[in-house]
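Novice: Prediction below, plus the sequence it came from.
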Amino acid sequence: MSETVRTHHRVRASELVGRGWLNTGGKSLDLESLRGKIVLLDFWTFCCINCLHVLDELRPLEQQYSDVLVTVGVHSPKFEHEADPVALAAAVERYEIRHPVLDDPELETWKAYTARAWPTLVVIDPEGYIVAHLSGEGHADGLAVLIPELIAEHEAKGTLHRGDGPYVAPEPTSGTLRFPGKALFLPAGRGGSVADGADSAGSWLVTDTGHHRVVQLSTDFETVLATYGSGEKGHADGAAADARFNEPQGLVLLPEDAAAKAGYDVVIADSVNHRLRGLSLADGSVRTLAGNGVQRLLETGPARVDEEGAAYGSPLEADPLQVSLSSPWDVVWSGRLNAVVVAMAGVHQIFSFDPVSGAVSIIAGNGLEGLLDGPAAEAWFAQSSGLAEDADGNIWVADSETSALRKLVIAGDGAITVESAVGKGLFDFGFRDGPAADARLQHPLGVTVLPDGSVAIADTYNGAVRRYDPATGTVSTLARGLSEPSDVIVDHTHVAGAEPLLVVVEANKHQLVYVPIPKEAQQVDEGASQTHRPKSPVAPGLLSLTVRFTAPTGQKLDDRWGDPTQLKISSTPPELLVAGGGTSVGLLRTLELASDVPEGVLHITARAAACDGPEDADGEIPDHAACHLYQQDWGIPVVLQADGDSELVLDLRGMD
């Protein structure tokens with residue numbers, strides 16, 4: 001941006017206030033101690049997949065500008081569990097965050113900077129003034145332009161101070177496993193040549209997420225039979241010792257006939273690589289099955305704000321290695337679809353993958369974040385992270401950000417309908433058993449179907465395993481006191497006649513454990529909660545909505561197909577929004593709010609498409625230009641009152 005735009009109104013940055021600091025060697029930081037540096041505040045919460053994407057987007061910039069740029073993660077929790085300082089410290093270690101982190105459990109700094117969404121980025125110049133507000137993902141290219149501008153400006157003024165930043169590395173965790181994600185039972189005879197004869201009862205395959213590899217364990221969960229992946233973060237195919245993963249999560253064993261046709265045995269959700277990988281147990285080799293490594297919605301090529309992907313059930317690309325994926329988190333085999341079902345957490349959708357043809361398709365979810373049932377193409381999901389198939393061929397879904405248990409009901413003709421068994425919405429959670437309509441979970445990541453047809457849920461942030469009984473429509477608790485259980489699986493090795501066990505992946509204790517299924521489940525009621533975010537006071541009647549977006553220097557709004565911006569707006573409850581809902585072009589909208597609804601949530605999705613310059617001789621964007629789609633979903637809690645605001649301003653990419 002030009003100097004005149006950046007200095008149109010100079011706003012002094014507010015002080016950084018919270019409970020404490022991580023990654024600083026025990027020191028507290030303030031803005032005065034950071035004067036002379038470009039400071040990038042990253043408002044995040046560790047449950048949020050979009051926040052995790054931003055962490056990875058920022059790493060190259062942090063490395064390139066390490067002597068002038070200081071990133072400060074401001075952890076502003078959504079869920080109650082995320083306010084636990086022990087859990088936060090584990091998350092900082094898990095995601096290998098190499099910058100200072102401010103623990104802001106009361107959202108004091110969040111409120112001071114009027115943050116309204118996770119993630120939000122705020123850029124502060126070396127003199128302590130705010131120069132940019134950025135919401136959502138995909139801002140790395142813009143920051144790569146803005147940072148050198150700030151460097152040049154403040155070097156000329158003598159206000160830039162080069163040198164090391166305040167980051168101090170913590171002591172790392174050591175052990176066989178490090179923050180394991182998901183597990184898979186390998187029956188005897190399908191464990192590969194390494195395990196044949198080593199354990200006649202079978203073995204377990206575990207995604208050793210924090211070590212960026214896959215580990216094969218004996219049924220004692222201690223004996224390592226084989227490892228797949230070098231343990232070095234990255235992407236590489238080949239032999240077991242040479243392959244590289246980046247935070248692998250879900251994995252599924254293909255049926256023997258499908259494996260024979262495909263030429264590999266296991267499909268792995270390689271989450272941060274945005275790819276599906278295939279593992280051959282016979283020789284330990286790893287191959288890439290689908291995904292080009294480019295995160296979906298941040299694609300190169302023409303960026304259309306009205307683009308919702310291919311028709312449901314149709315392949316997204318002829319070549320599966322050219323399709324863009326986004327944080328695949330779990331995979332399960334669907335006998336009814338004869339394909340692998342993929343929880344595509346990063347875009348809040350459910351995909352399918354055919355291991356024989358390689359076809360990748362969207363099968364449920366329209367990409368909007370929230371909880372909405374109905375036909376697959378109209379349903380909303382929120383960071384789905386766990387999948388399991390039941391005896392009827394339906395797929396159960398742990399929908400983490402809505403703290404919900406969902407179900408894909410698959411008809412004989414392949415038509416899919418989405419239903420919710422437990423859960424209320426994006427900001428509703430808790431620890432409550434009883435009738436499903438009143439029950440509450442807290443950010444579940446795993447799910448499995450028990451022998452009696454009921455469903456066990458890894459209720460991650462409650463540290464529990466819960467049970468939903470479809471026959472009675474009730475929820476109970478099977479076990480608690482666990483440390484962020486990320487997956488739950490029925491044990492297949494128990495002796496006939498004995499009580500079945502569950503295998504739980506206990507991520508924050510870096511282990512797998514056996515958990516008995518009690519004959520009588522517990523009934524727990526620790527209450528229902530809501531995310532405590534400031535509610536915006538707004539007046540009933542007309543509300544003027546403005547979303548600010550300024551394309552980065554060197555980019556131009558992509559107007560080749562008309563207006564390259566778009567708003568999608570709805571509300572909870574629906575009666576809150578009298579007029580102004582729906583989808584239309586532009587980033588300005590006048591809404592009409594009901595006078596008889598005391599409070600609710602406005603759901604706002606903004607998109608803008610821009611392409612890199614230079615323009616051609618006619619001022620047009622050349623066909624080969626790299627293009628970018630900027631998007632952010634906001635859930636704005638509002639309370640209606642007569643003296644409330646009649647204007648709402650949000651920043652998609654706002655420059656001061």
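Specialist: The structure has been received and is ready for your questions. Not measured: the values here are computed from a predicted model.

Novice: Helices along the stretch 151-300 of the chain, start to end?
Specialist: Taking DSSP state H, counting those that start in this stretch to define them, one finds helices in the stretch 151-300 of the chain at 192-195, 256-262.

Novice: show me where pLDDT drops low in the stretch 301-450 of the chain?
Specialist: Applying pLDDT under 70 to the stretch 301-450 of the chain picks out residues 301-312.

Novice: typed the wrong thing, it's the stretch 51-200 of the chain
Specialist: Along the stretch 51-200 of the chain, the parts satisfying pLDDT under 70 run over 193-200.

Novice: any idea how far Asp612 lies from His628?
Specialist: 8 Å (C-beta to C-beta, to the nearest Å). Bear in mind the C-beta positions are built from the backbone N, C-alpha and C, glycine included.

Novice: Hmm, I typed the wrong one, I wanted Phe429.
Specialist: Distance of Phe429 to His628, given as C-beta to C-beta: 34 Å.

Novice: doesn't Leu276 make contact with Gly293?
Specialist: No - using C-beta atoms under 8 Å, Gly293 makes no contact with Leu276, being 11.5 Å away.

Novice: These two: which is more packed in?
Specialist: Leu276 (26 against 15; other C-beta atoms under 10 Å).

Novice: circling back to that earlier point, do you know which of the helices of the stretch 151-300 of the chain lies nearest Ile147?
Specialist: The closest of those to Ile147 is helix 256-262. By C-beta to C-beta, the value is 45.1 Å.

Novice: circling back: in terms of neighbours, single out the busier of Asp612 and His628.
Specialist: His628 (23 against 18).

Novice: which element is the nearest residue to the more buried one once chain neighbours are set aside on?
Specialist: With C-beta to C-beta, 6 or more residues apart in numbering as the criterion, His628 has its nearest non-adjacent residue at 5.6 Å, and that residue is Ala610. Assigned by DSSP states H and E, Ala610 belongs to strand 599-612.

Novice: Could you work out the end-to-end span of stretch 273-285 for me?
Specialist: Terminal residues of stretch 273-285 are spaced 18 Å apart (C-alpha to C-alpha, to the nearest Å).

Novice: Please read the previous query as pertaining to stretch 414-428.
Specialist: First-to-last residue span, stretch 414-428, C-alpha to C-alpha: 32 Å.

Novice: residue ranges of the helices in this structure, please?
Specialist: When assigned using DSSP state H, the helices of the chain occupy the ranges 3-6, 49-64, 85-94, 108-112, 140-157, 192-195, 256-262.

Novice: Can you say which of these is nearest to Val597?
Specialist: Val597 lies closest, by C-beta to C-beta, to one member of those: helix 108-112, at 24.4 Å.

Novice: what's in contact with the closest one?
Specialist: Ser14, Glu15, Leu16, Val17, Gly18, Leu41, Phe43, Val74, Ser76, Leu102, Asp104, Pro534 (C-beta atoms under 8 Å, 6 or more residues apart in numbering).

Novice: Swap in 7 Å and give it another go.
Specialist: Residues outside helix 108-112 that contact it (C-beta atoms under 7 Å, 6 or more residues apart in numbering): Ser14, Leu16, Val17, Gly18, Phe43, Val74, Ser76, Leu102, Asp104, Pro534.

Novice: and the gap between the fourth one and Pro105?
Specialist: Distance check for Gly18 against Pro105: by C-beta to C-beta, it reads 7 Å.

Novice: what residues does stretch 346-361 touch?
Specialist: 49, 53, 254, 258, 261-262, 267, 276, 289-290, 295-297, 313-316, 320, 323, 326-327, 337, 339-344, 362-365, 367-369, 381-384, 408.

Novice: Need the buried ones from those selected in PyMOL.
Specialist: The following PyMOL line selects those of the contacts of stretch 346-361 that are buried, judged by 16 or more other C-beta atoms under 10 Å:
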select buried, resi 49+53+254+258+262+267+276+289+290+295+296+297+313+315+316+320+323+326+327+337+339+340+341+342+343+344+362+363+364+365+367+368+369+381+382+383+384+408
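
Novice: Restricted to strands, list the contacts of stretch 346-361.
Specialist: Judged by DSSP state E, the subset of the contacts of stretch 346-361 located in strands is 267, 276, 289-290, 339-344, 362-364, 384, 408.

Novice: biggest separation within the residues you listed, which pair?
Specialist: For the ones in strands among the contacts of stretch 346-361, and using C-beta to C-beta, no pair is farther apart than Leu289 and Leu408, which are 21.7 Å apart.

Novice: which residues touch the residue nearest to Leu368 when sequence neighbours are not counted?
Specialist: Among residues not flanking Leu368 along the chain, Trp380 sits closest, at 4.8 Å (C-beta to C-beta, 6+ apart). Counting by C-beta under 7 Å, 6+ apart, Trp380 makes contact with Gly365, Asn366, Leu368, Glu369, Gly370, Leu371, Leu372.

Novice: Kindly report the same for Gly335.
Specialist: By C-beta under 7 Å, 6+ apart, the contact list for Gly335 reads Glu389, Gly393.

Novice: Repeat that for Cys48.
Specialist: Trp118, Pro119.

Novice: before we move on, what about Leu102?
Specialist: Leu16, Gly18, Trp21, Val72, Gly73, Val74, His75, Thr109.

Novice: From those, which land in strands?
Specialist: Using DSSP E, the subset of the contacts of Leu102 located in strands is Trp21, Val72, Gly73, Val74, His75.

Novice: What is the burial count for the second one?
Specialist: Residues within reach of Val72, counting by other C-beta under 10 Å, total 26.

Novice: Return the distance of the closest residue to Val578 other than its chain neighbours relative to Ser544.
Specialist: The shortest distance from Val578 to any non-neighbouring residue, by C-beta to C-beta, 6+ apart, is to Glu592 (4.2 Å). According to C-beta to C-beta, Glu592 and Ser544 sit 11 Å apart.

Novice: Just grab the bridge partners of the residue nearest to Asp558 when sequence neighbours are not counted for me.
Specialist: Spatially, and ignoring its direct neighbours in sequence, Asp558 is nearest to Ala609 (4.2 Å; C-beta to C-beta, 6+ apart). With DSSP bridges as the criterion, Ala609 is bridged to Leu629.

Novice: The contacts of Trp380: which two are farthest apart?
Specialist: It's Asn366 and Leu371 that sit farthest apart of those, by C-beta to C-beta, at 12.8 Å.

Novice: Poorly predicted segments of the stretch 501-650 of the chain, please.
Specialist: 614-624.

Novice: who does the residue nearest to Val578 bridge with?
Specialist: Beta-bridge pairing for Glu592 (DSSP bridges): Leu542, Ala579.

Novice: Number of residues surrounding it?
Specialist: Count around Glu592 with other C-beta under 10 Å applied: 14.

Novice: Contact partners for it?
Specialist: Contact partners of Glu592, counting by C-beta under 7 Å, 6+ apart, are Gly541, Leu542, Val578, Ala579, Gly580.

Novice: Most neighbours of all those residues, which one?
Specialist: Gly580 (19 neighbours).

Novice: Quick check, that residue in contact with Gly586.
Specialist: No - here Gly580 does not reach Gly586: they are 12.0 Å apart, not a contact under C-beta atoms under 7 Å.

Novice: Looks like Val101 contacts Ala91 (just checking).
Specialist: No - using C-beta under 7 Å, Val101 is not in contact with Ala91; the gap is 9.2 Å.
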